[in-house]
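Novice: Take a look and give me a structure for this.
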Amino acid sequence: MSIPTPHITAKKEDFAKTVLMPGDPLRSKFIAETYLENAVLVNNVRGVQGYTGYYKGKRVSVMASGMGQPAIGIYSYELFNFYDVSSIIRVGSCGSFQADLDPCDIVIAMGACTDSNYASQYALPGTFCPIADFDLVRRAADKCEKMGVNYRVGNIFSSDIFYNECHPGMEWAKMGVLGVEMESAALYCNAARAGKKALCICSVSDSFIHPEKNMDAEARRTAFTKMMEIALEIAEE
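Specialist: Numbers count the residues shown, from 1 in each chain. From the prediction side, this is the model:
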C-alpha cells in the first residue's frame, strides 16, 4: 500500500517514532494543545486527529484510534507498517474489576485477554497471548512510583462488546484481570507481527465494584493527565 493510506493522509516523515493513541479524537487534541510545543495537525481523516510536536525537546506524535479493536487495528497497522512508527502507547480508559482500583488510578496492561477473533488472521496452531513490550512496562511502572500514582500492572480484558447483556465481565475478575477496555489486544497483535513496541496505559474511568464513582465524558477527556504525562515521559525518539 502506498502513502497516504485510505485512513491517514500524512506524509511518511510527519509522524514521530512514538505515537500516543487515545481513543477519543478530542483527547488527542487535548494532549497536543496541553503538552506539545509547535504541534502540527498531520491527519484529520474522519475526524481522527493526529498531531506531531515536541515534549521537553523530544519529538512525539499523538493520534486518536477510535473505539474498538477493528479501529485501532487499522490505525496501528498503518502506523507500524507504512509510517515506520516504532512504538505506540495507548492512553485510554478502562472499567475496573478490582476493589482497589478507583477512577483516575492507572492500569498498565502487561497482557491483554480478549473475546475477539482478531488473532485468527495469523492462522496460529494454538492460542496467542497478546503482551506489551516489557521495557515500556517497566519504565511506565517506574514513572508511576516516582509520581506517587496508585497503579497496578497485570492483565486487562479487551472486549469486542460494550453492552454485553449476558456476561457483564466479572468472571474475568476471578482470574485476576484488572479491568476492561476495547483496544489493547489488537494493538499488541499488530506490534508483535510488525516487530514493533506497544503498551496500553489506562486510567480507570468506571468501577464495576463502586459504580457511584463513575466519571462522565468530559472528566474522561481532561482528568487523565497523569496517564498522559507517564506516556509522554517514556516516549522514545
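
Novice: So which residues of the protein form helices?
Specialist: In the chain, the segments counted as helices under DSSP state H are 25-35, 69-82, 134-147, 170-173, 184-194, 217-222, 225-234.

Novice: Need the winner for burial among the ones you listed.
Specialist: helix 184-194 (a mean of 25; mean count of other C-beta atoms under 10 Å). Using the backbone N, CA and C atoms, a C-beta is placed for each residue, glycine as well.

Novice: Report the angle between it and helix 69-82.
Specialist: Relative orientation of helix 184-194 versus helix 69-82 (axes from the mean of the first three to the mean of the last three C-alpha atoms, to 10 degrees): 20 degrees.

Novice: ok, which stretches of the protein are strands?
Specialist: 18-21, 37-43, 50-55, 58-63, 87-96, 106-114, 151-158, 179-181, 197-207 (DSSP state E).

Novice: Show me what the longest one pairs with in its sheet, parallel or antiparallel.
Specialist: Each strand paired with strand 197-207, and its direction, by DSSP bridges: strand 87-96 (parallel), strand 106-114 (antiparallel).

Novice: The residue most central in space within the chain: what's it in contact with?
Specialist: In the chain, the residue lying closest to the centroid (C-alpha atoms, centre = their mean) is Arg90, at 1.8 Å. With contact taken as C-beta atoms under 8 Å, 6 or more residues apart in numbering, Arg90 is in contact with 20-22, 65, 72, 183-184, 187, 198-202.

Novice: can you do 6 Å?
Specialist: 21, 183, 187, 200 (C-beta atoms under 6 Å, 6 or more residues apart in numbering).

Novice: Please read off the pLDDT at the residue of the chain positioned farthest from its centre from the model.
Specialist: What lies farthest from the middle of the chain is Pro125; by C-alpha atoms, centre = their mean that is 27.7 Å. Listed pLDDT for Pro125 reads 96.

Novice: Kindly report the same for Thr222.
Specialist: Thr222 carries a pLDDT value of 64.
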